[in-house]
Each structure stands twice: as C-alpha cells, then as structure tokens.
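[1] fold the following, please.
(one chain, ligands or ions: 1)
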Amino acid sequence: MTVGFIGGKFLPLHLGHVYSITKAACMVDELFVILSHSEKRDRSLCDNSKVDYISAQVRLRWLSQLTKDMENVHVLSIKDEAENEEEYDWAQGGMAIRNTIGKPIDIVFSSETAYTPIFKQIYPNSEHILLDETRRKIPISATRIRKEGPFIHWNYIPDVVKPYFVKKIVIVGTESCGKSTLTRYLAKLFNTTVVEEYGRMVCDELGGCDGLLLPEDFQRIAYGHKLLEHQAIQKANKVVFIDTEAMITQYYSKLYCNQEQKVLDEIGDLQDYDLWLLLEPDVKWVDDGLRVHGEQTIRENNHLELKRMLDRKGILYQEIKGNYYERLDRAIKLVNTLVS
Ligand SMILES: NC(=O)c1ccc[n+]([C@@H]2O[C@H](COP(=O)([O-])OP(=O)(O)OC[C@H]3O[C@@H](n4cnc5c(N)ncnc54)[C@H](O)[C@@H]3O)[C@@H](O)[C@H]2O)c1
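    You can find the predicted model right below:
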C-alpha cells in the first residue's frame, strides 16, 4: 500500500495543479492533497495583485469538489502562522503533514526541483517525484494568475473554480425599457449564460400580471430568481447577465400589490453584483400582453421611483440610455472593464 502527498497553497487552484493531482493519484494507492494556508501570508501574496485574498475554506471546497469522485484521494487542510513565504517553516510544516496523514509517506509529489533538498531533510524515507517540472504540459502558475488576473488565463481555470471568479452583471429598469433584449444580446456577445426574469415566467403561468399577482408570488419570484442565478453562474463564461433582481421584485410588489416586503429587502441586501446597469425608459413602449404602465409620464415616474429605491439602498449603478445600438455599445464597454 503506497501513500503519497502533494502540498500547496492553491491560490488559486489551476489546471497545472489538477494535472499534478490526477497524475499523482494514479501513482499511489492513497494520495493526500494538503492545503497549506496562513491567512497573513496568503493575504500578502494577494496584495497588489489582480486576485483578492481567497479564504482557505473556499480553496478547500475547490479541492473537495475536484476530487470527490477520486476514490483514493483525500483532501486535508493545515494551517500555519507564517507571515510571508520566506518565513514558512518547512520542518515544522512537514511534521504537521506527517502527523495529519498519520501513516508512513512513500512519495512526496511536486513540480519543483528546488524542493528536493528540503524534502530529503524532512522526509528522509520518502521519494520525491517531480511532475512536469519544466511546466511544459500546463504552462501556468498561481503567481501568474494573481499577477495578471484570472480572465486572461481562463482556459487554465478549472470548472470548479470558475464560478468563484464570474462577474455578475445585473440589468434593471421599468417595464419595456429594452432590458430583456439587452440582457440576451450581451449574453450572446460574451458567449455566456443569462438569467431570464423569473417574474415573467410566473406571469406567463398565470396568463397575465395585472390584478393577478398575490404578495406571496413576489417571494416565490425572488427565491426562484436566486436559484436560476446560482445555476447560470455555475456554467458562465467569465460573466453572467442577470435580468432584474430582488429590489426590482420589491418595486413590482409595491406597484402591483402596494406592499413592501421585508423578505425582499433582506434578499436584496445579500446581493453582491459587480455591475448594475439601469436602463432609462426612452425606447418605444412595446405591449407584450403582460405590461400595464405604458403611458410615457407613468413610465418616467416609475423610473424615478425605481432610481430612488436604488439610491436609498446606496446601490451604484450605470445609467444606460439612447437607441438600441448606443445602449449595447455602452454596456459592452462597461462589461469589458470588469474582465480585462
Ligand atoms: N512542509 C511541507 O512538506 C510542504 C510540502 C509541499 C508544500 N508545502 C506548502 O505549500 C507551499 C508551497 O506550495 P507551492 O507554492 O509549490 O504551491 P502551489 O499551490 O503553487 O502548487 C501546488 C503543487 O502543484 C505543483 N504545480 C504548480 N503549478 C503546476 C503546473 N503548472 N504543472 C504541474 N504542477 C504544478 C507545485 O509544484 C506544487 O507541488 C509551501 O509554502 C508550504 O506552505 C509544504
């Protein structure tokens, strides 16, 4: 029965790590993947980089998700107190790794030739096997991803990690302001997923909105929308486009049922969108059978009311106006600033 381990910070996990983990898993009976973490050191590595500090729990979740169907692989997490890379005590770390694994280690895996003398000292009875030490197979490093950002190295980001980095863009506005079309067009252009307005599906189900929606429908809309968001983020390509959100649901709850609902506010407070696009109602009104507030002064008043709601919440939004071409063009520019 051979036992091996591969250690690292996985800050962030990339396909080079996945390569080493999968190869190593095929070379031993039991492989331990050790996440070594120290908040101070890991924060300092992310300082002045394009990747904010990633908690150990998030990194552990990635490793767990990655290896959950690899029967001979176990993921462990070991904390140390190093303030920076240079201060890391390899011997002490080695002792903690040995104690945590709790059985003789036959092989230590890495892709660093520089680790050989260190491993000889701390694991005198183990072999050090190097995996793609020239980094030719998967030419990427976590240092490079931190320095240059995850988006230009997107092809090296594993699927279990991508959702963490996805930028969430929400598009809001009152009825018939071109929201759903803009959302869909942006998703096509950026080749990614979209979250359609869940409220429309509920209205479609009922055969209309006016006079039919009950206060509890708005709660269902907010919950249903959140679930769709989660699903779309899992499959998104760098960005996800979201048509409306909980504050808009609140706005409609007020408009249709004259009721502000605490639960919608609370859901709204938990949202962490990266970009809010607020569409002005300056495009032609389109009656799709579900809309009821078509007169221009009503549209403008509703828009002002919506703006007041967003302002009260301290939400920073970008206003989008003009013809369809101008709207799309401005939205593209704003989205590009997030993923460059
Ligand atoms: N005490 C120990 O025995 C021990 C052993 C290993 C790691 N550690 C801990 O991990 C840290 C060092 O880890 P790191 O910076 O090497 O971690 P890392 O997260 O960058 O990499 C993890 C592992 O994947 C390998 N790897 C990285 N990029 C690869 C690629 N493109 N292709 C193939 N393999 C690739 C690395 O060589 C390493 O073995 C140390 O500072 C320490 O905290 C401790």
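
[2] who does the residue nearest to Ile97 when sequence neighbours are not counted form a beta bridge with?
    Of all residues not flanking Ile97 in the chain, Ile34 sits nearest, at 5.7 Å (Cβ to Cβ, 6 or more residues apart in numbering). From N, CA and C alone the C-beta is placed, and that goes for glycine too. Under DSSP bridges, the beta-bridge partners of Ile34 are Gly7, Leu76.

[3] isn't Ile34 up against Gly7?
    Yes - the pair Ile34 and Gly7 qualifies as a contact (Cβ atoms under 8 Å) at a distance of 4.1 Å.

[4] which residues do these two both contact?
    Residues touching both Ile34 and Gly7 (Cβ atoms under 8 Å, 6 or more residues apart in numbering): Ile97.

[5] pretty sure His74 is in a helix, no?
    No - going by DSSP: H, G, I helix; E, B strand; the rest coil, the assignment for His74 is strand, not a helix.

[6] is it true that it touches Glu30?
    Yes - with contact defined as Cβ under 8 Å, His74 reaches Glu30; the gap is 7.2 Å.

[7] if you count what's nearby, which of those two comes out ahead?
    Glu30 (18 against 15; other Cβ atoms under 10 Å).

[8] ramachandran coordinates for the more buried one?
    The phi and psi values for Glu30, taken as degrees, to the nearest 10, are phi -140, psi 130.

[9] going forward can the numbers begin at 673, since that is how I track them
    Taking 673 as the first residue, the last one we looked at is Glu702.

[10] that one against Asn744, yeah?
    Yes - under the criterion of Cβ under 8 Å, Glu702 makes contact with Asn744 at 5.3 Å.

[11] distance from stretch 735-742 to the middle of the chain?
    Taking Cα atoms, centre = their mean, to the nearest Å, one finds stretch 735-742 lying 18 Å from the centre of the chain it belongs to.

[12] should've said stretch 940-951
    In terms of Cα atoms, centre = their mean, the gap separating the centre of stretch 940-951 from the centre of its chain is 14 Å.

[13] how about it as CSV, C-alpha atoms only?
    Listed in CSV are the C-alpha atoms of stretch 940-951, where the atom choice follows Å, rounded to 0.1, in the frame of the first residue of the first chain:
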residue,chain,number,x,y,z
GLY,A,940,-31.7,42.5,-1.8
ASP,A,941,-29.2,43.2,1.0
LEU,A,942,-27.4,39.8,0.4
GLN,A,943,-26.8,40.5,-3.3
ASP,A,944,-23.3,41.3,-4.5
TYR,A,945,-23.5,42.2,-8.1
ASP,A,946,-20.3,43.5,-9.8
LEU,A,947,-22.1,45.9,-12.1
TRP,A,948,-25.6,47.4,-12.2
LEU,A,949,-26.9,48.7,-15.5
LEU,A,950,-30.1,50.9,-15.1
LEU,A,951,-32.0,51.3,-18.3
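
[14] quick one: contacts of that stretch?
    Residues beyond stretch 940-951 that count as contacts (Cβ under 8 Å, 6+ apart) turn out to be 839-845, 849-851, 854, 914, 917-919, 922, 978-979, 982, 985, 987-993, 999, 1003, 1006-1007, 1010.

[15] mind checking which of these are in helices?
    Restricting the contacts of stretch 940-951 to those inside helices, with DSSP state H as the criterion, leaves 851, 854, 918-919, 922, 978-979, 982, 999, 1003, 1006-1007, 1010.

[16] give me the buried subset of these.
    When burial is judged by neighbour count using 16 or more other Cβ atoms under 10 Å, the buried members of the ones in helices among the contacts of stretch 940-951 are Lys851, Leu854, Ala918, Met919, Gln922, Leu978, Lys979, Leu982, Arg999, Ala1003, Val1007.

[17] closest one to Asp752 out of those, please.
    Distance to Asp752 across those (Cβ to Cβ) is lowest for Val1007, with 39.5 Å.

[18] hmm, the closest one is touching Val911, no?
    Yes - under the criterion of Cβ under 8 Å, Val1007 is in contact with Val911, at a separation of 6.1 Å.

[19] and the gap between the most centrally placed residue in the chain and the ligand?
    Most central in the chain under Cα atoms, centre = their mean is Tyr836, positioned 2.6 Å from the mean C-alpha point. Tyr836 is 16 Å from the ligand, where distance means Cβ to the nearest ligand atom, to the nearest Å.

[20] tell me the SS of His689?
    Here His689 takes the helix state, with states given by three-state DSSP.

[21] give the contact list for it.
    Under the criterion of Cβ under 8 Å, 6+ apart, the neighbours of His689 are Gly680, Phe682, Ala814.

[22] switch to 10 Å and redo it
    Contact partners of His689, counting by Cβ atoms under 10 Å, 6 or more residues apart in numbering, are 678, 680-682, 705, 734-735, 738, 783, 810, 812-814, 828, 830, 833.

[23] tell me the domain ranges of this protein?
    675-828, 838-1011 (automatic domain parsing).

[24] want to throw the ones you listed into CSV with mean pLDDT and distance to the ligand?
    Formatted as CSV, the entries for those read as follows, by pLDDT from 0 to 100; distance: least, Cβ to the nearest ligand atom, whole Å:
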stretch, mean pLDDT, distance to the ligand
domain 675-828, 97, 2
domain 838-1011, 91, 21
